[in-house]
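A.B. asks: Give me a model of this one.
(one chain, ligands or ions: 2)
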Amino acid sequence: MSGNPPATDGLDQAALWEFSKTPLPEGVPSFDPNDVVESAVIRRLVGNWHRRATVKRDEPDLDELFEPERADYPEKILPFHDHPTYLALDPAKRSELLSWAWIAYNRHTVMAEQKVANPAFALVMEGEYPGLSGEALNLSLAQAMVDEQYHTLMHLNASAVTRRRRGHAMPDDALPLSYTARVHQELRDKAAERWQQSLTTLAFATVSEISINAYLDLLADDTEIQPINSTTATLHNRDEYCHASISHVLAQTVYDKLDATQRRFFLDMLMEGLDAFVTNDYSTWRRIVDLSGIAGGREMLMDCQAESGRKRLVRDYTGLRKLVDELGVADQVDFDWSRSHVTG
Ligand SMILES: [Fe+2]
Ligand SMILES: [Fe+2]
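C.D. replies: Ligands and ions are numbered 1, 2, ... in the order given. Just a heads-up that it's a prediction; the model follows:
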């Protein structure tokens, strides 16, 4: 991650930003394709969790840090940011859409935690997958589940302060399930066998845990938006670098133990998960433009959806690409990596 801290006049906020940008403690592994000694990776992460985990830090006073004149979400990543219908809106309406975008971003993040990541970690702890057991692993999974539950709280709090300070109800339940959560559930419902359901959840969690850094970076690096929003993403991201390492180990270890049919299924679910995860969620956008009463909103979204270049929100797939390469299966998966670039 890069970028300078947003201009702040609160010491607490500056301190929080500093913390969010400090390097991770020594010993926290990043993706090292040569480091496949899972026990060493997992043990190191277990050992330094108490020093690095966001849940171990003081909570900032979000209300105090709110800056009403700032946008709640980066305008440049709205799929319709340069569409004439959007450009013709008055500033208050644009601001309302940006607030909704932030509420939806938080909701999607919470769903990734509650419906994919934590259920997968719980299944691993229950012994659902071959090759995955042991004290250090269970400790690291329990820590990761605490992290995810805390991330859920962080994002719920972030939405709550936005509603309070903007004076709009913007309820979560007015929005549909996130696209990723829907696809995950549909694939689980379609799966005839228990092992298929379990591998579906593990595959989606693998994608989410390895790719969520890129999703959080969309906001973490933005110095123009509401600082508490970018800082929420940055703090969350710190924990996710470690989860990515854990998930990498989980996927490699399980894949090694699967038979040929199960391997094929797991790879298919990885690609389903990646497709879903990087896609702009137009069902959510349709609901938002309806709720905001944007004249011509539906047509605006149809215009954007018709342009293939706007279909993907996250365009940095490097994490999953590395996993696929390490598994030695790059020639067995069907995904257009060509538009991959590191967002910044
Ligand atoms: Fe998380
Ligand atoms: Fe995570």
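
A.B. asks: residues in contact with Ser133?
C.D. replies: Gly127 (C-beta atoms under 8 Å, 6 or more residues apart in numbering). (Glycine included, C-beta is placed from N, CA and C.)

A.B. asks: What sits closest to Gly273 if chain neighbours are left out?
C.D. replies: Leaving aside its sequence neighbours, Gly273 sits nearest to Val207 (C-beta to C-beta, 6 or more residues apart in numbering; 3.6 Å).

A.B. asks: what sits against that neighbour?
C.D. replies: Neighbour list for Val207: Leu270, Gly273, Leu274, Phe277, Leu320 [criterion: C-beta under 8 Å, 6+ apart].

A.B. asks: any idea of the pLDDT on Val41?
C.D. replies: pLDDT recorded at Val41 is 83.

A.B. asks: and the gap between whatever residue of the stretch 101-250 of the chain ends up closest to ligand 1 and ligand 2?
C.D. replies: Nearest residue of the stretch 101-250 of the chain to ligand 1 (C-beta to the ion) works out as His151 at 3.7 Å. Computed with C-beta to the ion, to the nearest Å, the distance linking His151 and ligand 2 is 7 Å.

A.B. asks: number of nearby residues for Gln149?
C.D. replies: The local packing of Gln149 (other C-beta atoms under 10 Å) involves 14 other residues.

A.B. asks: Check whether it really touches Ala117, as I assumed.
C.D. replies: No - contact criterion C-beta atoms under 8 Å: Gln149 and Ala117 do not qualify, at 10.1 Å.

A.B. asks: Report the two of the contacts of Val207 separated the most.
C.D. replies: Longest distance between any two of the contacts of Val207 is 10.4 Å, between Leu270 and Phe277; criterion C-beta to C-beta.

A.B. asks: Give me every residue in this protein lying close to ligand 2.
C.D. replies: Proximity of the chain to ligand 2 is confined to Glu209, Glu240, His243 under the rule C-beta under 5 Å from the ion.

A.B. asks: Can you tell me which of the residues you listed end up in helices?
C.D. replies: Counting by DSSP state H, the residues of the chain next to ligand 2 place Glu209, Glu240, His243 in helices.

A.B. asks: With adjacent residues omitted, what lies nearest to Arg94?
C.D. replies: Using C-beta to C-beta, 6+ apart, the nearest residue to Arg94 is Tyr86, at 7.1 Å.

A.B. asks: I figured Pro60 was touching Ile228, is that so?
C.D. replies: Yes - using C-beta under 8 Å, Pro60 is in contact with Ile228, at 7.1 Å.

A.B. asks: show me what contacts the residue in the chain that ligand 2 sits nearest to?
C.D. replies: Using C-beta to the ion, the closest approach of the chain to ligand 2 is made by His243 at 3.5 Å. By C-beta under 8 Å, 6+ apart, the residues touching His243 are Ala117, Ala144, Asp147, Glu209, Ile212.

A.B. asks: Now the third one: which helix or strand?
C.D. replies: Read that as Asp147. Under the criterion of DSSP states H and E, Asp147 resides in helix 135-166.

A.B. asks: Nearest the geometric middle of this structure, what residue?
C.D. replies: The structure's the chain has its C-alpha centroid closest to Ile212; by C-alpha atoms, centre = their mean the separation is 3.4 Å.

A.B. asks: So for the nearest residue to that residue once chain neighbours are set aside, what's the pLDDT?
C.D. replies: Closest residue in space to Ile212, ignoring its immediate chain neighbours: Glu240 at 5.1 Å, by C-beta to C-beta, 6+ apart. We have a pLDDT of 93 for Glu240.

A.B. asks: Then the one 3 residues further on?
C.D. replies: At His243, the pLDDT value in this model is 94.

A.B. asks: same thing with Ser95?
C.D. replies: 97.

A.B. asks: what's the neighbour count on it?
C.D. replies: Ser95: 20 neighbours (other C-beta under 10 Å).

A.B. asks: residues of the helix or strand it falls within that come out buried?
C.D. replies: Assigned by DSSP H and E, Ser95 falls within helix 91-111. Residues of helix 91-111 classed as buried: 94-111 (neighbour count, 16 or more other C-beta atoms under 10 Å).

A.B. asks: so where's the stretch 1-150 of the chain uncertain?
C.D. replies: The model of the stretch 1-150 of the chain has pLDDT under 70 over residues 1-39.

A.B. asks: ok so, going back, who's in contact with the residue nearest to the centre of the chain?
C.D. replies: Thr109, Ala112, Asn237, Glu240, His243, Ala244.

A.B. asks: Tell me which helix or strand it sits in.
C.D. replies: helix 194-220.
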